[in-house]
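Q: output the structure for:
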Amino acid sequence: MHVEPFRIAVPDAVLTDLRERLARTRLPDEMPGSGWTYGTNLAYVRDLVAYWRDRYDWRAAEARLNAFPQFRATVGGLGIHFVHARGVGPKPLPLVVTHGWPGSVAEFQEIIGPLADPARHGGDPADAFDVVAPSMPGYGFSDHPTEPGMQPERIAALWAELMEGLGYRRFGAQGGDWGAMVTTYLGTKHADRMIGIHLNMVVAFPENRDNPPMDGVTQDEMMDLMRMPQFLKEETGYQRIQGTKPQTLSYGLTDSPAGQLAWIVEKFKEWTNTGHALPEDAIPRDEILTDVSVYWFTGTAGSTANLYYESMHSGDWPTPSQVPTGVAVFPEDVAIRRYADRANNIVRWSDFDTGGHFAALETPDLLVQDIRAFFASLAA
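A: Model prediction:
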């Protein structure tokens, strides 16, 4: 496998174009007093557009991203971008870490260092990982698929090929959101290659969602079951449009940075800890804008949304896995172990009382600690 070094270098002209577009933003009106009820709040978007235009420093963010060793390799006929941070320790464990939507490898900035070089971050060198963090096809600085069918199972196969090409016959995997699905497929389709898998999102529902069995259900599980219908009713509109007509959506988001910003920021608001009034109360404003900027500069509104279409139309679902599995459950993600146990060999289950869906951004220390503890338990 041919691997080439890679550096992010957004041309000055592209930065100028972004600022000019932001200066010409045409904002909609809003139902008075609606806050975030109808979607992304107008006052917040207006303020964030101005900040992105006048105060946000992409060059500083770019330098921070480029501090990580980055590469591109041809995998399965596609150019795949990835961070490859070699571990500093006696025997680093190879670990592929996969992001989701609306994420990117930028969301791993706070966890790559502690995972690869724990001693430098107050940990034990024995817990070091060789961290490989790829951009999924159609995301960030990876190529866009040109044929239908690029869903999580195929991405898992690409990751197995990538890790083989990097010299890792056996490795661990970690992921949340779509990354959790890719990681689960690594466990079900490439079990002989896997040391273990760690998920900070696990998809598991009762067989009958409308009338789930109540025998033995705990109070906490009952609360999660009650949250499911509300989530499916109010929080899945983005799934429907991205899963059915992603191309139509892509025109607006690719042409308007304010539109791309509003589409992504809503998820940072809704999926972080509900105790926060604004997304930036959970995740620093500059980190949110770095993630949005990656989408804007790479023009990937449509190609990232396509993953929903491909997955919804594939009809596939991971088969049961016997690979040792660790699960970290942060608030805002519904996860009920009695259902998760049916399809996973769960050997570690951690419930956290703080954080949310974007664990690597919101509570990176907790996520790192749980990943370390899970893989250390497998070596014990």
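Q: show me the shaky parts of this structure.
A: Applying pLDDT under 70 to the chain flags the ranges 205-216, 380.
Q: just the strands in it please.
A: 3-6, 70-75, 78-85, 93-98, 129-134, 171-175, 194-199, 324-329, 345-351 (DSSP state E).
Q: which stretch among these comes nearest Trp58?
A: Nearest to Trp58, of all the strands of the chain, is strand 70-75, at 16.5 Å by Cβ to Cβ. Where you see a C-beta, it was placed from the backbone N, CA and C, and this is true even at glycine.
Q: rewinding a little: need the strands of the chain in JSON lines with mean neighbour count and distance to Leu115, can you?
A: Output for these, formatted as JSON lines (neighbours: other Cβ atoms under 10 Å; distance: least, Cβ to Cβ, whole Å):
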{"stretch": "strand 3-6", "mean neighbour count": "13", "distance to Leu115": "20"}
{"stretch": "strand 70-75", "mean neighbour count": "20", "distance to Leu115": "16"}
{"stretch": "strand 78-85", "mean neighbour count": "22", "distance to Leu115": "8"}
{"stretch": "strand 93-98", "mean neighbour count": "26", "distance to Leu115": "7"}
{"stretch": "strand 129-134", "mean neighbour count": "27", "distance to Leu115": "5"}
{"stretch": "strand 171-175", "mean neighbour count": "27", "distance to Leu115": "9"}
{"stretch": "strand 194-199", "mean neighbour count": "24", "distance to Leu115": "11"}
{"stretch": "strand 324-329", "mean neighbour count": "24", "distance to Leu115": "14"}
{"stretch": "strand 345-351", "mean neighbour count": "15", "distance to Leu115": "17"}
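Q: now those as a markdown table including distance to Arg21?
A: Output for these, formatted as a markdown table (distance: least, Cβ to Cβ, whole Å):
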| stretch | distance to Arg21 |
| --- | --- |
| strand 3-6 | 26 |
| strand 70-75 | 27 |
| strand 78-85 | 25 |
| strand 93-98 | 31 |
| strand 129-134 | 29 |
| strand 171-175 | 33 |
| strand 194-199 | 38 |
| strand 324-329 | 38 |
| strand 345-351 | 43 |
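Q: quick one: closest of these to Pro257.
A: Across the strands of the chain, closest to Pro257 is strand 78-85 (Cβ to Cβ), at 21.8 Å.
Q: same for the closest one, what does it pack against?
A: strand 70-75, helix 109-116, strand 129-134, helix 152-165 (3 or more Cβ pairs under 8 Å, 6 or more residues apart in numbering; DSSP states H and E).
Q: my read is that Trp101 contacts Ala301, right?
A: No: the pair Trp101 / Ala301 is not scored as a contact, 10.6 Å apart, by Cβ atoms under 8 Å.
Q: the more surrounded of the two?
A: Ala301 (25 against 21; other Cβ atoms under 10 Å).
Q: doesn't Ile264 make contact with that one?
A: No: Ala301 is beyond contact range of Ile264, at 9.3 Å (criterion: Cβ under 8 Å).
Q: what touches both of these two?
A: Residues within reach of Ala301 and of Ile264 at once, by Cβ atoms under 8 Å, 6 or more residues apart in numbering, are Tyr295.
Q: residues in contact with Ser350?
A: 326-329, 370.
Q: again with Leu18
A: Applying Cβ under 8 Å, 6+ apart, the residues near Leu18 are 52-53, 257, 293, 296-297.
Q: farthest pair within these?
A: Taking Cβ to Cβ, the two most distant members of those are Arg53 and Phe297; they sit 14.8 Å apart.
Q: now stretch 234-249, how far from the centre of its chain.
A: Mean-position distance between stretch 234-249 and its chain equals 18 Å (Cα atoms, centre = their mean, to the nearest Å).
Q: straight-line length of it, end to end?
A: 19 Å (Cα to Cα, to the nearest Å).
Q: cool, and stretch 172-180?
A: Span of stretch 172-180 from end to end, Cα to Cα: 13 Å.
Q: residues contacting that stretch, please?
A: 93-101, 103, 129, 136, 152, 159, 181-183, 186-187, 194-203, 307, 357-360, 371, 375.
Q: ok, back up a step: among the contacts of Ser350, which pair sits farthest apart?
A: Gly326 and Val329 (10.7 Å).
Q: what residues are shared contacts of these two?
A: Residues within reach of Gly326 and of Val329 at once, by Cβ under 8 Å, 6+ apart, are 349-350.
Q: alpha carbons of stretch 355-375, as CSV, please.
A: This file holds the C-alpha atoms of stretch 355-375, laid out as CSV (Å, rounded to 0.1, in the frame of the first residue of the first chain):
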residue,chain,number,x,y,z
GLY,A,355,-21.2,14.6,28.7
GLY,A,356,-23.1,13.7,25.6
HIS,A,357,-23.0,12.3,22.1
PHE,A,358,-19.7,14.0,21.1
ALA,A,359,-17.6,12.4,23.8
ALA,A,360,-14.2,13.1,22.2
LEU,A,361,-15.0,16.8,22.1
GLU,A,362,-17.1,17.2,25.3
THR,A,363,-15.5,14.8,27.8
PRO,A,364,-12.3,13.7,26.2
ASP,A,365,-10.6,12.7,29.5
LEU,A,366,-13.5,10.4,30.4
LEU,A,367,-13.5,8.8,27.0
VAL,A,368,-9.7,8.2,27.0
GLN,A,369,-9.8,6.7,30.5
ASP,A,370,-12.5,4.3,29.5
ILE,A,371,-10.7,3.2,26.3
ARG,A,372,-7.5,2.6,28.2
ALA,A,373,-9.3,0.7,31.0
PHE,A,374,-11.1,-1.5,28.5
PHE,A,375,-8.1,-2.5,26.4
